[in-house]
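A.B. asks: what would the 3D arrangement of this be:
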Amino acid sequence: MKLIKLCSLTIALFLFSSAGYAQFGNLSNKVKNTVVNKVKSKSEKTETVAGKDTQTGKATDTTTTAVDNKENNTINAKTMANDNNIAVNSKYFLYEDVKLIPGASFYFSDKPFGNSHEGAKTNFKSSGFIYGRLELKNQTIEEAFKLTPMGKNYYLILSFGVVNGTEGTYAQVNHNSVMLKAEDIKKTAFNFDVLPDPANASTGIGMNYEYGFDALHVSGGPMYQIIDQNKFPNDGDYTIQLQFYFRPVDGWGKGLPNSSDWPGVEGAFHFNFNSGDVAVIQKNFTAVHQAIKTTAFMLHAMPDYWPKTSRKLPDAALNPAALEAMIKAELNSSGDVLVKFAVANNSPNAGWIIQKNDLDIPTYQLLAENIYTIYKRDGKCFIGDVSIAKDYLGGGKYGAPYVRNVNVATSGYGTGIDCSAIK
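C.D. replies: Numbering: from 1, shown residues only. The predicted structure follows:
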């Protein structure tokens, strides 16, 4: 009899545990520092898969947490310490336990911000534009996020969540590394694009911080990436959640493994979506994607590599007047206008570098000198570098020098420079 009771008890416990798992299995995702969450934060989700990246934190003293049990799902609603007081459900981010930075606030507007968050609002329409501003208290962006560069580039990782009523989803993006300039990280505030007008787009976002931030891997207007029919199946009101975070490194230069140690900030705004705006949104996204390839790298001062004095080349065929005429003709052939050029002082005796084909036969030679140019295109100014070549004529002889091409410098699409900064 005791054996029968014991068996009955065992069966009952098994059935309860199975039902409990089915009913409450989602709960583990809401418990900080559980095995499930640690595995997620430890896995190397650094953008080889689009939109999956790494960074930061748990609720701070300036965060309030409300727990609402609905249909047996636990929801963590965190209201950020900013002026809009829109609740953020962290479960709709890729990493829900980032370490929120005390006093950090997001603000949003339909116009680019200036030196404050004046004009901030919380309600937007899909027919308009959206810009953001991050403000910190008593610390710089570099200090708050514990930033380290990748090469010469600094960045933050962004994550979106789209909420419709009581339902929401993490919105994966292809480009989720927000470019920061060296001067940005020393400030306590950062203005950035969310859904920008192509004419005002200025924030570059990398496809993956491991790929770097050149024009081949940069885009703009991060929210344009998430507007599709899967995330916005119906017209109406949505809440858009935004998260910035960063994965600091330890003393050995290795990224911290637990996302609860990654500094971050979260915020949200209301978004009224109308599918009638989709065609214009897609057109704007294409325009932003192209425009950002120059504006993201825009210079507002002459670059350090530009020589103070242009060096005179020893080849008489490349005297300043002849060189200017060659560069001007090459630029004019593509509709560009020469503003100025300069020969760097780095290699006074570099000479020429012979280029050969697969049969080891010379084809031409390139001048081993750095020659830079500034030119205008459609009223905008750009910096490039000039390749001077001589074609091989045979018998050990080469022809007259000519401009082989004007390479767009740095970005691959042309480094823009503020025309008023040219000296």
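A.B. asks: per-residue confidence averaged over the helix or strand harbouring Gly416?
C.D. replies: Here Gly416 is covered by strand 415-417, with elements defined by DSSP states H and E. Mean pLDDT, taken over the full extent of strand 415-417, equals 81.
A.B. asks: so which elements touch it?
C.D. replies: In terms of contacts (3 or more CB pairs under 8 Å, 6 or more residues apart in numbering; DSSP states H and E), strand 415-417 is packed against helix 278-295, strand 380-394. Bear in mind the C-beta positions are built from the backbone N, C-alpha and C, glycine included.
A.B. asks: quick check: mean pLDDT of the helix or strand following the last one?
C.D. replies: This points to strand 380-394. Where DSSP H and E defines the elements, the next helix or strand beyond strand 380-394 is strand 397-398. Averaging the model's pLDDT scores along strand 397-398 yields 94.
A.B. asks: any idea how many residues pack against Pro112?
C.D. replies: A count of neighbours around Pro112, defined by other CB atoms under 10 Å, yields 18.
A.B. asks: correct me if wrong: it contacts Tyr131.
C.D. replies: Yes: using CB atoms under 8 Å as the test, Pro112 is close enough to Tyr131 to be in contact (4.9 Å).
A.B. asks: what sits in contact with each of these two?
C.D. replies: Counting by CB atoms under 8 Å, 6 or more residues apart in numbering, the contacts common to Pro112 and Tyr131 are 191, 196, 200.
A.B. asks: possible to save these as JSON lines with distance to His270, pLDDT and neighbour count?
C.D. replies: As requested, these are exported to JSON lines (distance: CB to CB, whole Å; pLDDT from 0 to 100; neighbours: other CB atoms under 10 Å):
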{"residue": "Asn191", "distance to His270": "21", "pLDDT": "97", "neighbour count": "20"}
{"residue": "Pro196", "distance to His270": "18", "pLDDT": "97", "neighbour count": "25"}
{"residue": "Asn200", "distance to His270": "22", "pLDDT": "89", "neighbour count": "15"}
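A.B. asks: what about those residues, which are in strands?
C.D. replies: Where those overlap with strands, as defined by DSSP state E, the overlap consists of Asn191.
A.B. asks: just curious, which of the shared contacts of Pro112 and Tyr131 is nearest to Ala279?
C.D. replies: For Ala279, the closest of the shared contacts of Pro112 and Tyr131 turns out to be Pro196, at 17.7 Å, with distances computed as CB to CB.
A.B. asks: give me the number of residues near the closest residue to the closest one other than its chain neighbours?
C.D. replies: Residue nearest to Pro196 in three dimensions, not counting chain neighbours: Gly221, with 5.3 Å by CB to CB, 6 or more residues apart in numbering. Gly221 is surrounded by 27 other residues when neighbours are defined as other CB under 10 Å.
A.B. asks: next one: Ala329
C.D. replies: Neighbour count of Ala329, defined by other CB under 10 Å: 12.
A.B. asks: for the closest residue to it other than its chain neighbours, give me phi and psi.
C.D. replies: Counting by CB to CB, 6+ apart, the nearest residue to Ala329 once its immediate chain neighbours are dropped is Val403, at 7.4 Å. Comment: the main-chain dihedrals of Val403 come out as phi -80, psi 110, following degrees, to the nearest 10.
A.B. asks: mind listing the helices in the stretch 101-250 of the chain by residue range?
C.D. replies: In the stretch 101-250 of the chain, the segments counted as helices under DSSP state H, counting those that start in this stretch are 141-145.
A.B. asks: ok, Lys125 - contacts?
C.D. replies: By CB under 8 Å, 6+ apart, the neighbours of Lys125 are 271-272, 274, 277.
A.B. asks: now Gly236
C.D. replies: By CB under 8 Å, 6+ apart, Gly236 lies in contact with 164, 272-273.
A.B. asks: ok, it to Val163 distance?
C.D. replies: From Gly236 across to Val163, the span is 12 Å (CB to CB, to the nearest Å).
A.B. asks: next one: Tyr107
C.D. replies: Distance, Tyr107 to Val163, using CB to CB: 19 Å.
A.B. asks: next: Phe269.
C.D. replies: Relative to Val163, Phe269 is positioned 11 Å away (CB to CB).
A.B. asks: do Gly204 as well
C.D. replies: Distance of Gly204 to Val163, computed by CB to CB: 27 Å.
A.B. asks: got it, and Glu96?
C.D. replies: Relative to Val163, Glu96 is positioned 14 Å away (CB to CB).
A.B. asks: who has more neighbours out of these two?
C.D. replies: More crowded of Glu96 and Val163, by other CB under 10 Å: Glu96, with 26 against 21.
A.B. asks: next up, identify which helix or strand the more buried one is on.
C.D. replies: Under the criterion of DSSP H and E, Glu96 resides outside all helices and strands.
A.B. asks: may I have the phi/psi pair for the closest residue in space to it that isn't next to it in sequence?
C.D. replies: For Glu96, the nearest residue in space outside its immediate sequence neighbours is Ser90; the separation is 3.9 Å by CB to CB, 6+ apart. The phi and psi torsions at Ser90 (degrees, to the nearest 10) take the values phi -70, psi -20.
A.B. asks: count of residues packed around Ser90?
C.D. replies: Using other CB under 10 Å, the number of residues around Ser90 comes to 26.
A.B. asks: kindly report the same for Tyr392.
C.D. replies: 19.
A.B. asks: what is the burial count for the nearest residue to it once chain neighbours are set aside?
C.D. replies: Computed as CB to CB, 6+ apart, the closest residue to Tyr392 that is not its neighbour in sequence is Pro362, at 4.4 Å. Using other CB under 10 Å as the criterion, Pro362 is surrounded by 15 other residues.
A.B. asks: what do you get for Met298?
C.D. replies: Other residues within reach of Met298 by the criterion other CB under 10 Å amount to 19.
A.B. asks: my guess is it contacts Asp418. True?
C.D. replies: Yes: between Met298 and Asp418 there is a contact at 6.8 Å, judged by CB under 8 Å.
A.B. asks: what does the model give the nearest residue to His117 once chain neighbours are set aside for pLDDT?
C.D. replies: Spatial nearest neighbour of His117, chain neighbours left out: Tyr107 (3.9 Å); criterion: CB to CB, 6+ apart. What the model reports as pLDDT for Tyr107 is 97.
A.B. asks: same question, Pro263
C.D. replies: The model's pLDDT for Pro263 equals 98.
A.B. asks: so what's the backbone phi/psi at it?
C.D. replies: With angles defined as degrees, to the nearest 10, Pro263 shows backbone torsions of phi -60, psi 140.
A.B. asks: state the distance from it to Asn230.
C.D. replies: The gap separating Pro263 from Asn230 is 30 Å, by CB to CB.
A.B. asks: so for the two, which residue has more residues nearby?
C.D. replies: The residue with more neighbours, out of Pro263 and Asn230, is Pro263; 23 against 9, by other CB under 10 Å.
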